[in-house]
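Trainee: sequence and predicted structure below; questions after.
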Amino acid sequence: MLQTISYLYQVADVFAFLVLAAAGLAIIFGMMGIINMAHGEFIAVGAYVTTYSYQAGAPLVLGILLGSAAAGLFGIALERTVVRRFYHRPIDSLVATWGISLIMTQGALLLFGSGAPGVGTPFGSVAVAGGSFSIYRLVLLLIAVLVLAGLYLVFMKTRFGVHARATMQNAAMARSLGVPVDRVYAATFGLGAALAGLAGGLYAPTMTLSPMMGGSFVIEAFVTVVAGGADVLVGTPPAAIVLAVIKATATSFYGQVYGVMGLLVAVCIVVRVLPDGFTGWMTRRST
């Protein structure tokens, strides 16, 4: 009984991590065609703002919201000054955002040093079937589900969502119909950066802060986006579920290193069998 509960808890924990880490990256890549190599640094921005806000006396929830907002505003500024020059140039965007990530990492190292004071995981733990499980990890699962539901409402039920989907499908046609494409791009990039900052803020209590902390998110975020495909709403949830099961199973039997290796092998198989990821597969099933 305990072993089964522990396995399901681990699957849920990995699923939440993959969704929260990948949601912002999937939006920016799927809707804008930008390969954002600075995604990990946006996550770090959210974590640092959350931690220092908490240390200054702000409630943790407010600190997380401030971290998400700071990353989002920084993302909008970056899109307006740098990223907008690299639309429809994916390789150039990769190099440019990689350079930005290096600047941000080294800048954080100079400003804050190699480490920062921790927050501490809230809510404690709960005992089930003789085992102890972190309540905060279950809260993260709930937030991951709420993030997916919120993105669905934003992109499917709002005017911005209509404009964003039109821009993604055909930016030139959308512009000719009066859609403010430049503002849609800026808002979309800002939303993706804000989601990255949210992930950093949420996971700040669970890990040690450092300028390189974003790297622990990036590999699994990219794997999830590649497996999920271009549509964050259609592809990311099934990709996160499948990858969470694979990683949790491999980790349970062989350890953390094999869990990450399992993700990489899984995404190679997905790309070979489903070139468009789970987005293409789900789209074909619905037609």
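Mentor: Here it is on my side, so go on. Numbering: from 1, shown residues only.
Trainee: return the helix or strand in the protein with minimum mean pLDDT.
Mentor: In the chain, no helix or strand scores lower on mean pLDDT, DSSP states H and E than helix 277-286, which sits at a mean of 72.
Trainee: residue contacts, Leu65?
Mentor: Residues in contact with Leu65 (C-beta atoms under 8 Å, 6 or more residues apart in numbering) are Gly201. In this view, the C-beta of every residue, glycine as well, is placed from N, C-alpha and C.
Trainee: my error: substitute Leu73 in the last question.
Mentor: Contacts of Leu73 by C-beta under 8 Å, 6+ apart are Gly190.
Trainee: what strand or helix carries it?
Mentor: In this structure, Leu73 sits in helix 60-81 according to DSSP states H and E.
Trainee: and that helix, which residues are buried?
Mentor: Residues of helix 60-81 classed as buried by neighbour count (16 or more other C-beta atoms under 10 Å): 60, 63-72, 74-76, 78-79.
Trainee: and these, which is closest to Gly99?
Mentor: Leu78 (11.7 Å; C-beta to C-beta).
Trainee: my guess is that closest one contacts Phe189, does it?
Mentor: Yes. Counting by C-beta atoms under 8 Å, Phe189 is a contact partner of Leu78 at 7.4 Å.
Trainee: what's the helix or strand for Thr50?
Mentor: In the assignment (DSSP H and E), Thr50 maps to helix 39-55.
Trainee: sorry, back to before: got the CA coordinates for the helix holding Leu73 in PDB?
Mentor: Only the C-alpha atoms of helix 60-81 are listed here, as PDB (Å, rounded to 0.1, in the frame of the first residue of the first chain):
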ATOM      1  CA  LEU A  60       5.200  33.800   0.600                       C
ATOM      2  CA  VAL A  61       2.100  34.000  -1.700                       C
ATOM      3  CA  LEU A  62       2.800  37.700  -2.300                       C
ATOM      4  CA  GLY A  63       6.400  36.900  -2.900                       C
ATOM      5  CA  ILE A  64       5.600  34.300  -5.500                       C
ATOM      6  CA  LEU A  65       3.200  36.700  -7.300                       C
ATOM      7  CA  LEU A  66       5.900  39.400  -7.200                       C
ATOM      8  CA  GLY A  67       8.400  37.000  -8.700                       C
ATOM      9  CA  SER A  68       6.000  36.100 -11.500                       C
ATOM     10  CA  ALA A  69       5.300  39.700 -12.200                       C
ATOM     11  CA  ALA A  70       9.000  40.700 -12.200                       C
ATOM     12  CA  ALA A  71       9.800  37.900 -14.700                       C
ATOM     13  CA  GLY A  72       6.900  38.900 -16.900                       C
ATOM     14  CA  LEU A  73       7.800  42.600 -17.000                       C
ATOM     15  CA  PHE A  74      11.400  41.700 -17.700                       C
ATOM     16  CA  GLY A  75      10.200  39.400 -20.500                       C
ATOM     17  CA  ILE A  76       8.200  42.200 -22.100                       C
ATOM     18  CA  ALA A  77      11.200  44.500 -22.000                       C
ATOM     19  CA  LEU A  78      13.400  41.900 -23.500                       C
ATOM     20  CA  GLU A  79      10.900  41.100 -26.300                       C
ATOM     21  CA  ARG A  80      10.700  44.800 -27.100                       C
ATOM     22  CA  THR A  81      14.400  45.400 -27.200                       C
END
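Trainee: quick one: mean pLDDT over the next helix or strand after that helix.
Mentor: Sequence order places helix 90-112 as the next helix or strand after helix 60-81, per DSSP H and E. Averaged across helix 90-112, pLDDT comes to 86.
Trainee: orientation of the helix holding Thr50 relative to helix 90-112 in degrees?
Mentor: 30 degrees (axes from the mean of the first three to the mean of the last three C-alpha atoms, to 10 degrees).
Trainee: how far away from the center of its chain is helix 39-55?
Mentor: Counting by C-alpha atoms, centre = their mean, to the nearest Å, helix 39-55 is centred 14 Å from the centre of its parent chain.
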